[in-house]
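> sharing a sequence plus its predicted fold:
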Amino acid sequence: MPPPSLLRLCTRISKSTAAPRRPLTCTRFVPRPTNTHPSFGLSRTMASSTAPLQEWLVIVPDFEGALEKRLAVRGEHLTEVKKDDERFWLWGGAMLEEPITEGQAPKMKGSAMLIGANSREEVVERLKKDVYVKGEVWDWTKVQIIPFKSALRKAL
C-alpha cells in the first residue's frame, strides 16, 4: 500500500481529472520520474500534422559593400516583414561593425534575427523570398540557421 502522502496526492489527482460519477480512488501507484528536471516526462499533445513552433536564431552577413543596396530596399523589407504571421519574426535587426556613435551612420554588416517556425525548411523558404536575398544584400551562402531556446527576452 502506498504511503498516506501518496494517497492524498492520488485522491487530489483523481478529483481534478476524474470523469463524472467515477469513484475518487487511486487505482495504481505511478512513481514520479527521478530524472533531472521537474518537467521531465511532461509534454503537450500536438496534432500529428503540424510540428510544434520552434525558435531559430538566424545570422546572415551582408555582401561586402552592400550598404547602399540595403538602404535602397530597406523600406520594402520592413513592409514585407509586417505581413508575416506575428509569431514568425520574434526579433531582428542589423549587425554592426562598431557601436553607433552620435552623428555617424550605423556601419551595418548583416542581420541577426530570432524566428518562430515549425521547421528549418519553413525558415529557409521565407527568407529566400526576402528582398534582402533577392537584392543581393544578404550573402545567402554564409547564412547560419541555428535551433534556439530563449531563456529571457526583454525589450529595450
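Received the coordinates, thanks.

> from Ile145, how far off is the residue lying closest to Pro61 once chain neighbours are set aside?
The shortest distance from Pro61 to any non-neighbouring residue, by C-beta to C-beta, 6 or more residues apart in numbering, is to Gly110 (3.8 Å). The way it works is simple: take the backbone N, C-alpha and C, and place the C-beta from them, glycine included. Taking C-beta to C-beta, to the nearest Å as the measure, Gly110 falls 14 Å from Ile145.

> who has more neighbours, those two?
Gly110 (21 against 17; other C-beta atoms under 10 Å).

> in what helix or strand does that one lie?
Gly110 is part of strand 108-117, with elements assigned from DSSP states H and E.

> so what's Val60 up against?
Gly110, Ser111, Ala112, Leu127, Trp138, Asp139, Trp140, Lys142, Val143, Gln144 (C-beta atoms under 8 Å, 6 or more residues apart in numbering).

> again, only this time at 10 Å
95, 110-113, 127, 130, 132-133, 137-145 (C-beta atoms under 10 Å, 6 or more residues apart in numbering).

> the helix or strand hosting it pairs with which strands?
For Val60, the host element (DSSP H and E) is strand 54-61. Sheet partners assigned to strand 54-61 using DSSP bridges are listed as strand 108-117 (antiparallel), strand 144-148 (antiparallel).
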